[in-house]
Each structure stands twice: as structure tokens, then as C-alpha cells.
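Q: Fold the following and give me the result.
(one chain, ligands or ions: 1)
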Amino acid sequence: MNIYNFKETNKLILLFNSLSNNKSLSKYLLSRSKDKILSESYAIIKSPKFIYLYQKLIGRIKKEFKFDFYYQKFPSARVSQPGDNENPFHIDLWSGHGQNIINFWIPIVSLNRYNTLYTVDEINSKKLIDKHVKNDFDRNKFQKNSFKCAKPVLAKPGEVVVFSNKNIHGTINNISKSTRLSFDFRILKVGDDPGIRDINKFYECTKVKLDNKKKKLCTCYALFKKFCLAYFSCFTKKCN
Ligand SMILES: [Fe+2]
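A: All right, here's what the predicted structure looks like:
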């Protein structure tokens, strides 16, 4: 797991302050139902402002990772409220995602050790999977041993937590008094297996965007060339 500081995410998380009319977002989150928080968060995620800033973040990630990739069209919003139960430890391969997907997880409010995500490093994840999953799978033992190796992600709001299918992850019971709001998305290198997901429905591709840009440039160039030729032929006729 790595944590990145991309300045593009700071503007993105500021958009969520509109939920509380720029007053305390944490207080607002405590006063609303999960359904209400999620529906309002998705209205932000699907807004043109968010989409514009999200594209900028995708461009920044492409610059950092130096390869073309598919990425989720719209990130997912997640909420963990006081009293919420754990989300058992797992890797995303088990829910049908491709082997090599990479997760980007971004907290919008301050985290504590109960309302956050837990991740297991790659070496311990491999050991746990070899020990538990390749033999008779005992979910309780797997949960217990994963928790022993897991560490809470205590990133700051706007920091970008990156982990892969090589990292077991999950959450524990939220016995804190704070609600966590975060958003996340997955990316997949071009050419890698998307698992059972329909890649065209779920993902956009950085390569397509680039090709579209190239196409637009070519069209502009062709129009400019046509204009110049017409202008000069007109000019030559007048001179003759
Ligand atoms: Fe997951």
C-alpha cells in the first residue's frame, strides 16, 4: 500500500463541503441517514465539476504510473457510520475483479482506527492466502489472522491510498462516534484481464481519450489546411 499526495484531490474533496453548506461536514454526516448521504454524494460525483476534476486526477495518475489504463467511469462513494458492522477481509479478485486491478481510496473526512479501512501488506497477504484459501477455507480463522496482520489506514482527507489485489483489506465494526465518507475507484492496465466486469460499461480508457485528442487535432489541422488552400487559390486568382 502506498499513499500519494496529488494536489488534484484537494479540490475534489472540497466539493463535498457543499453537503453541509460549508459548515462542519463531520457534524452533517452524523445527522443524516446513510441513504441520504450516498444519494447526495453521488449527485456530486456525477456533476460536471467533479467529472472535470476527476479527469485531471486520472491524467495525474497516468503521469505517475506511466502506462495507459482503464478506469471507473464514476468513483464509488462509501460511508461507515457509528454502529456499522465490519466488511470482512478479502481481495477484490474474490468479487469478480481482474487479478491486476489497482484500488485508489480517498478519505473525505478525518479518519480514526474504527471507521477506516484496514490493509495487510503484500508479504503477509500472500502468506494468509496460501495458508487459508488454498486449503479448507475457514472464514473465521482467516478473519482473525488477517486482523492480526492488518493496519488501519490513517491517511489525511484528500490523500490517495493505493493498494492492489495483492493486499487483503476490510473494515472492522465502527465503534467510534464518527462517520467516514470516502470515495474510491479501480484502474486496470490496458491488456489486463477485467474479470467478470464488462469493461466498456464500467470503465473508460486513458488511451481512447488520447486517441480522441489526436483525432480532434488532425481534424483541426485538416480544416486549417483546407482554409489556407482556399485562401491562397483566391489570392492567386485575384493577382492573375
Ligand atoms: Fe475490496
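Q: partners of the helix or strand hosting Pro88, with directions?
A: Using DSSP states H and E, the secondary-structure element containing Pro88 is strand 87-90. The strands that strand 87-90 pairs with in its sheet are strand 169-171 (antiparallel) (by DSSP bridges).
Q: what about the helices in this structure?
A: For the chain, applying DSSP state H gives helices covering 7-14, 25-31, 34-45, 48-65, 122-128, 139-149, 199-202, 206-239.
Q: Residue ranges in the protein under the pLDDT threshold?
A: Low-confidence segments of the chain (pLDDT under 70): 208-228, 231-240.
Q: What is the neighbour count of Gly83?
A: Burial of Gly83, expressed as a neighbour count using other C-beta atoms under 10 Å, amounts to 10. Placement of C-beta: from N, CA and C, glycine included.
Q: what residues are up against the residue sitting nearest the centre point of the chain?
A: By C-alpha atoms, centre = their mean, the chain has its centre lying nearest to Phe185, at 2.3 Å. Residues counted as contacts of Phe185 (C-beta atoms under 8 Å, 6 or more residues apart in numbering) are Tyr71, Gln72, Phe74, Pro75, Ser76, Asn103, Phe104.
Q: The helices of the chain: which one's closest to Val109?
A: Of all these, the one in closest proximity to Val109, counting by C-beta to C-beta, is helix 25-31 (5.5 Å).
Q: which residues are in contact with the closest one?
A: With C-beta under 8 Å, 6+ apart as the test, helix 25-31 has contacts from 16-17, 19-20, 37, 79, 81-82, 108-110, 177-179, 181.
Q: Just want the angle from the lengthiest strand in the chain to helix 34-45.
A: Ranked by residue count, the top strand of the chain under DSSP state E comes out as strand 180-189. Between the axis of strand 180-189 and that of helix 34-45 there is an angle of 50 degrees, by axes from the mean of the first three to the mean of the last three C-alpha atoms, to 10 degrees.
Q: Buried residues, strand 180-189. List them.
A: Within strand 180-189, the residues that qualify as buried by neighbour count (16 or more other C-beta atoms under 10 Å) are Arg180, Leu181, Ser182, Phe183, Asp184, Phe185, Arg186, Ile187, Leu188.
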